[in-house]
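*Asks:* give me coordinates for this.
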Amino acid sequence: MINTRIYLDNAATTPLDERVVDAMVPFMKNHFGNPSSIHAHGREVRTAIEKARKTIAHLLNTSPAEIFFTSGGTEADNFALMSSIETHAIKHAITSPLEHHAVLHTLEHAEKQGKIKLSLLSVDSKGNIDINELEQLLKKQPKTIVSLMHANNEIGNLYDINTIAEICHAHQAIYHSDTVQTMAHFTHNLQTLKADFIVGAAHKFHGPKGVGFLYINNQTRIAPLIYGGAQERNMRGGTENIYGIIGMAKALEIAYEEMQEHRSYIEKLKQRMITQLQENIPNIGFNGLSNDLTKSNYIVLNVSLPPSENNDMLLFNLDINKISASGGSACSSGSQVGSHVLRALKTDPQRGAIRFSFSKYNTPEEIDYTVQKLIEICEIKQTA
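*Replies:* As a prediction, this is how the structure comes out:
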């Protein structure tokens, strides 16, 4: 029997780990100095910020000088893209129609301003991008910025960012990857990945909201996005989010320490849901590659339900049954706009789409309950 609400929208945001809270509280209560101040209170906090930077850099196998703190993934994406276009006078950008709006809308805006020409890679019905098309575009116009994510936030597809980075490097193109969905769920070795930029957002891995980071390869120079202060080595004006930074470093540290254990556990939950859905709902499907554990982010499962008059009310009915999930991109789940990702895949609009996303705090009992409620919502009669 489930007595509390079930949270299956972890690709949108995650609950704070209690150990992260414990790390943050002293900086909320006692260590309140401005890190730009030269007195003891300021120096104490500055030391903590730089320790957090070193922790993140160590986990990503890079230099602390290449980690810049931001307000989150969206700012980090904007920082990398817009500053690169300005600094390097870039006239061409390549992305895909499946990117998060933090990337897609940013580049579309730059095109509307006449700064760049934007090329969108072709995708197939499963969400695979055409790598050969990327290479052909770069041969024609090498002075380009390429932005292709590591894992899609809606359908979970994993992209081979190492190969993409190699192709970009071979054509002297700048490569940015929105790694928000895989940061802390997969390892990122920045000594071997030839990316110019990757990003992280703490609230995606049991850290606090309102804080993230941008990795900037030391060979890639860009201008600041935010002016007005010397913070972040003159790259981002504004007093740092102290306890957010402390919490983010702690959350990433915990994630790396426990990654294999949690991945194994969450993959079992995901497979449990896939199996039960396939056994109990005729004509069930899955959007993208989300049901392939080897080709998708293990925390994401995008379910395609058979056509039904109840599909317009899927999320509402799940919510009534104390289940929180998403109907597509988490960041636009409160709007009536359909998923741009599912439109790009040309999925059947009559089928219902639900993104379930899991975390270490979910249980097998929650999966069983959710599947049972889906069966009831779909009005499927079960035989004994």
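
*Asks:* tell me where the stretch 251-384 of the chain is predicted with low confidence.
*Replies:* 328-337, 380-384 (pLDDT under 70).

*Asks:* got it, and the stretch 1-150 of the chain?
*Replies:* Applying pLDDT under 70 to the stretch 1-150 of the chain flags the ranges 1.

*Asks:* can you give me the helices in it?
*Replies:* Secondary structure of the stretch 1-150 of the chain (DSSP state H, counting those that start in this stretch): helices at 18-29, 40-59, 73-87, 101-112, 131-140.

*Asks:* quick one, strands of the stretch 101-250 of the chain?
*Replies:* Along the stretch 101-250 of the chain, counting by DSSP state E, counting those that start in this stretch, strands occupy 117-120, 145-147, 174-177, 197-201, 212-216.

*Asks:* who wins for proximity to residue 372 among the ones you listed?
*Replies:* For residue 372, the closest of the strands of the stretch 101-250 of the chain is strand 197-201, at 32.9 Å, according to C-beta to C-beta. C-beta coordinates here come from the backbone N, C-alpha and C atoms, glycine included.

*Asks:* leaving out chain neighbours, which residue sits closest to residue 77?
*Replies:* residue 102 (4.3 Å; C-beta to C-beta, 6 or more residues apart in numbering).

*Asks:* that neighbour is in contact with residue 71, isn't it?
*Replies:* No. Assessed by C-beta atoms under 8 Å, residue 102 is found out of contact with residue 71, at 11.8 Å.

*Asks:* show me what the longest helix anywhere in the chain is packed against.
*Replies:* Assignment by DSSP state H gives helix 242-280 as the longest helix of the chain. With contacts defined as 3 or more C-beta pairs under 8 Å, 6 or more residues apart in numbering; DSSP states H and E, the packing partners of helix 242-280 are helix 18-29, helix 40-59, strand 300-305, helix 364-377.

*Asks:* buried residues in that helix?
*Replies:* Neighbour counts over helix 242-280 (16 or more other C-beta atoms under 10 Å) mark 242-256, 262, 265-266, 269-270, 273-274, 276-277 as buried.

*Asks:* ditto for stretch 213-229
*Replies:* Buried residues in stretch 213-229 (16+ other C-beta under 10 Å): 213-217, 220, 222, 224-226.

*Asks:* likewise stretch 91-108?
*Replies:* The neighbour-count check on stretch 91-108 (16+ other C-beta under 10 Å) flags 92-100, 102-104, 106-108 as buried.

*Asks:* got the CA coordinates for that stretch in CSV?
*Replies:* Provided in CSV are the C-alpha atoms of stretch 91-108 (Å, rounded to 0.1, in the frame of the first residue of the first chain):
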residue,chain,number,x,y,z
LYS,A,91,28.6,32.7,-38.5
HIS,A,92,27.3,29.1,-38.4
ALA,A,93,25.9,26.8,-35.8
ILE,A,94,24.8,23.2,-35.9
THR,A,95,22.5,21.5,-33.5
SER,A,96,19.5,19.1,-33.6
PRO,A,97,15.7,19.7,-33.3
LEU,A,98,15.8,17.5,-30.2
GLU,A,99,18.0,19.8,-28.1
HIS,A,100,16.7,21.4,-24.8
HIS,A,101,15.2,24.8,-25.3
ALA,A,102,18.2,26.3,-23.4
VAL,A,103,20.2,25.5,-26.6
LEU,A,104,17.6,25.5,-29.3
HIS,A,105,15.9,28.8,-28.4
THR,A,106,19.3,30.4,-27.8
LEU,A,107,20.6,29.5,-31.2
GLU,A,108,17.3,30.4,-32.9
